[in-house]
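Novice: fold the following and give me the result.
(chains A, B and C)
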Amino acid sequence: MRRETIINAGLAAGLLAIPLWAHVTGEIFTITLATRVAILALAAVGLNLALGLGGLVSFGHAAYFGLGGYAMGILAFHAQTYDPIFTWPFVFEGTKQMLVIWAVALVASGLAAALIGMLTLHTSGAYFIMATLAFGQMFYYLFVSWPKYGGEDGMAIYVRNDFPGLNTLDPIQLFVICYALLMAGLFVSWRIARSPFGLALQAARQNAERVETVGIRPFRIRLAAFVISGMITGLAGALMADLNRFVGPTMFSWHTSGEIMVLVILGGVARLYGPVAGAALFVLLEHWLGGVSDYWLAFVGALLLLVVLFARGGLIGSLAGREVAHD
Amino acid sequence: MTEPVLEIRKLSKSFGALRASRDINLTLLPGEIHALIGPNGAGKSTLIKQIAGNMAPDAGEIRFLGRDVTALDTVGRARMGLGRSFQISSVIAEFTVLQNVVLALQGARGTSYHLFRAVLKDREMTATARAAAGRVGLDDRLAVRAQDLSHGERRKLEIAMALALAPRAFLLDEPMAGMGAEGAAEMTRLLDRLRHEAPILLVEHDMDAVFSLADRISVLDYGEIIASGTVEEIRADPVVRRAYLGDDAEAI
Amino acid sequence: MTTILFIEQVLNGLQFGVMLFLMAAGLTLVFGVMGLINLAHGALYMVGAFAAASVAAATGSFLLGLIASLAAAAMAGAIVEIVVIRRLYRRDHLDQVLATFALILIFSEGTRWLFGSFPLYLDIPEALSGPVTLPGGIDYPLYRLFIIAVGLAVAGFLFWLIARTRLGIRIRAGEADREMIAALGVDISKLYTLVFALGAALAGMAGALVGAIQSVEVGMGEPVLILAFVTIIIGGIGSIKGAFVGALLVGLIDTLGRTLLPIAFGTVMEASAATTVGSALASMLIYILMAGVLIARPQGLFGAAA
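Specialist: Residues are numbered from 1 along each chain as shown, chains lettered A, B, ... in the order given. Sure thing, here's the model as predicted:
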């Protein structure tokens, strides 16, 4: 077995085993931390698809994360206030069902990614980075200036949403939901990476002209990848909103975009489990350094700087060696 | 009279005062190798780019398989079956030989939007790709990454990728560039066999290869076709000798 | 009444626009010459504002504060360039973005550690405070007029610098071809440090000037940075002229949109709804403009065609 495969299996098993153990010993907080890891990792799995495979440096993935979050927030807000979202052609009072919320989150973030992708994917390099960043920030200002859904203050959702057959208020059950979705996200990105689509996407990253000469349009391949990427990150946003029982415009902030990207980089770009390693490291740093110093983000900044300047492969890269997987 | 596979009519392109293509007429007939030669700066690259669809001409028409493709982009022309190789090897560096050829295959077949099928587990696809790699003599290098290939092997990979498209015409831009005598001879034998697959428009500096392969030769100078004919006619043409072959003429 | 309001808003937009220009000019210069995308440019804006506020508070002189903002930002820029940024010129944009994002975190947290989380205040100097009556009987704050004048003067200075001086020739040569400029015998790493420090100084000055009308706090540079990106996309990357036109467009459209849209919607719907819809739409206006430019002219209004 390749070394990276062993590391991946270890990460997957560890992320499951630790909260289960914490459940047995009653350490609720550890379960919540693990849930946070799973959700952030899912958001980064989404970005890794565009960034790692496609080389699309999107600094606006907070837009999809936020839209996922507000899909949950808006649906649940209407459900908890009994104020219908619309009354025609039928009365829709919002919902507390996670499955419906996820579907809406996927559609909303997918549509936004399609729109932003169509506008920005014709550009490249610094333009693409600045344009995705700016469009992401547009959603931030839009929701800040929309008082109905909390404006700058965001909205609290008092009761966690329901999942058929499970008690979502039980931390370990919520964790299992998030973990299962993370595994699903990883499975999707693993399959995509080795599919014809993934091959074309990776080829377009390296040599778009060559891809054109064999009759494939890089723009369309990238757009499709961008949409799938945005949808996965959007789903993670809906889960994060449910974990926090709160949505606020900071979900849209470009710091969020930066953090999702940092997760990918810390773990290792284009590595399947890079986002998981990155999210675990980030949450641990947040937890430990946050306890030591109020200025812990400065240390994250210093670490990030060191990784960028001296350790391009990230955590998995340093552990598994330089070779990126190509089966 | 056979219908030309590729036909260029009165093609013109200028960059400011520089006229890179002047009223170029050119045909590529089934089964032939048509060589395009000319000194550096004669406008060969500009012409190739216009034929491949990377650059729009100012005037004129390009017909491929009887259809006007002047407005069609690179992707459209590739899909119609224009197999192109680049002057400077342009392959996917991090991909293996097999992955590169498979990429070309899926381009030709339009299967690039399959999201969940493992591409290298598709037996038929990999078999076809192996065959194309075998045709250029890369069958024992399938698992090697393109960036680790020798220069000559990368040139062959280019040809294999063009071959995988099952093209109706080849557009080969200096396939012998940078190859040693032995490599060039090998490439010459390969191209000789390829002409039966589809006709080849060959831009080449290696005169030995051109004279041994070409059915027809067109000479480009200052953006203009100054002569066109069989190998013997071109060898004998005084204008060509003066304009292009120059001092080397004695050696030929 | 409406005419007065309109003229006031035009002046506000102009003031906002010239400050944006100071930010965008540095960014676009650094990109044009060094090919670097710098997210930490907003941090230099913040450094300038904090330097101005603390020096002005200690000495009581706004002018000294302003000089301090230029010096501090230029120095911070030079140090950052020498320690970190110059390692990034040969890297891809992803590395540049990540490293400069890391710098933001370090700068922000460092500033918070030094100055705390509470905003500082920078007072408008006596001589520039109070309104002035413009022709047509409009009362307008003198300080904002001062900012417009300073911004326009700096813009003029920049155009002169690039078109007429030896430094400008080197900058333009550096944009065109790095090898050529090295062949001219110019010490390229010194030139890069100088250009980066110049961009930083412009950002720092903008921070100080705006700091006197807003509060000086951690993170103050970030909204401006995003708008500077929008400006550059609209104007065309690497073009000072593009940055100028783009900045004025963004400044005017954003400011006028926020005032006029709610009023415009007020004529067709009831007041509170008009305010909501109008201000939500106004917050998106410049991004819509940016989208339009990306569709119609992806290289920006003054960018060189690819």
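
Novice: distance from the chain centre to the lowest-mean-pLDDT helix or strand in chain B, please.
Specialist: Every helix and strand of chain B was ranked by mean pLDDT, DSSP states H and E. The lowest is helix B:238-240, at a mean of 81. Here helix B:238-240 shows a centroid-to-chain-centroid distance of 26 Å under the convention C-alpha atoms, centre = their mean, to the nearest Å.

Novice: quick one: buried residues of that helix?
Specialist: The neighbour-count criterion (16 or more other C-beta atoms under 10 Å in any protein chain shown) identifies B:V240 as the buried residues of helix B:238-240. Every residue, glycine included, has its C-beta placed from N, CA and C.

Novice: quick check: C:G35 vs chain A, distance?
Specialist: Here the distance between C:G35 and chain A works out to 8 Å (C-beta to the nearest C-beta, to the nearest Å).

Novice: contact partners for that residue?
Specialist: Residues in contact with C:G35 (C-beta atoms under 8 Å, 6 or more residues apart in numbering or on different chains) are C:Y89.

Novice: can you give me phi and psi for it?
Specialist: C:G35 adopts backbone torsions of phi 70, psi 30, taken as degrees, to the nearest 10.

Novice: C:G238 versus that one, what's the distance?
Specialist: Separation of C:G35 from C:G238 (C-beta to C-beta, to the nearest Å) stands at 9 Å.

Novice: please parse chain B into its domains.
Specialist: In terms of domains, chain B is parsed into B:1-81+B:168-252, B:96-166 (source: automatic domain parsing).

Novice: quick revisit: got a list of contacts for the least confident helix or strand of chain B?
Specialist: Counting contacts by C-beta under 8 Å, 6+ apart, the residues outside helix B:238-240 that touch it are B:219, B:226-227, B:234.

Novice: now do 10 Å
Specialist: Contacts to helix B:238-240, defined as C-beta atoms under 10 Å, 6 or more residues apart in numbering or on different chains, come from residues B:37-38, B:217, B:219, B:221, B:226-229, B:233-234, B:246, B:249.

Novice: of these, keep whichever come out buried.
Specialist: Among the contacts of helix B:238-240, those buried by neighbour count (16+ other C-beta under 10 Å) are B:37-38, B:217, B:219, B:221, B:226-228, B:234.

Novice: residue boundaries of the strands in the stretch 51-200 of chain A?
Specialist: Taking DSSP state E, counting those that start in this stretch, the strands of the stretch 51-200 of chain A run over residues A:155-156.

Novice: what residues does it put near chain B?
Specialist: Taking C-beta under 10 Å from any C-beta of the partner chain as the measure of proximity, the stretch 51-200 of chain A contacts chain B at A:187-188, A:190-200.

Novice: so who does A:V100 touch?
Specialist: Residues A:71, A:75, A:94, A:161 are the ones in contact with A:V100 under the rule C-beta under 10 Å, 6+ apart.

Novice: secondary structure element holding residue 232?
Specialist: Let's take chain A. Using DSSP states H and E, A:I232 sits within helix A:218-244.

Novice: that's the other chain; I wanted chain C
Specialist: Counting by DSSP H and E, C:I232 is found in helix C:221-235.

Novice: mind giving me the packing neighbours of that helix?
Specialist: helix A:125-144, helix A:254-267, helix C:2-34, helix C:41-59, helix C:93-115, helix C:188-211, helix C:240-266, helix C:271-296 (3 or more C-beta pairs under 10 Å, 6 or more residues apart in numbering or on different chains; DSSP states H and E).

Novice: list the buried residues of the fourth one.
Specialist: Right, the one you point to is helix C:41-59. By neighbour count on 16+ other C-beta under 10 Å, the buried set for helix C:41-59 is C:41-56.

Novice: what angle do helix C:93-115 and that helix make with each other?
Specialist: Helix C:41-59 and helix C:93-115 meet at an angle of 20 degrees, taking axes from the mean of the first three to the mean of the last three C-alpha atoms, to 10 degrees as the criterion.

Novice: what does the stretch 101-250 of chain B have sitting close to chain A?
Specialist: Proximity of the stretch 101-250 of chain B to chain A (C-beta under 10 Å from any C-beta) is limited to residues B:101-122, B:125, B:143, B:145-147, B:158, B:161-162, B:164-165, B:171.

Novice: which among those end up buried?
Specialist: Taking 16+ other C-beta under 10 Å as the criterion, what is buried in these is B:101-109, B:111-112, B:114, B:119-120, B:122, B:125, B:145-146, B:158, B:161-162, B:164-165, B:171.

Novice: I figured A:E93 hits A:I74, correct?
Specialist: No. Applying C-beta atoms under 10 Å, one finds A:E93 not in contact with A:I74, separated by 11.9 Å.

Novice: list only those of the residues of the stretch 51-200 of chain A next to chain B flagged as buried.
Specialist: When those are checked against 16+ other C-beta under 10 Å, the ones flagged as buried are A:188, A:190, A:192-200.

Novice: looking at the residues you listed, which is nearest B:R241?
Specialist: Proximity of these to B:R241 was ranked by C-beta to C-beta; the top entry is A:A200 with 48.0 Å.

Novice: Provide the secondary structure category for the residue in the stretch 1-150 of chain B positioned nearest to chain A.
Specialist: Scanning the stretch 1-150 of chain B for the residue nearest chain A gives B:G107, at 3.3 Å (criterion: C-beta to the nearest C-beta). For B:G107, the assignment made with DSSP: H, G, I helix; E, B strand; the rest coil gives helix.

Novice: that one touches B:T74, doesn't it?
Specialist: No. Taking contact to mean C-beta under 10 Å, the distance of 11.2 Å between B:G107 and B:T74 leaves them out of contact.
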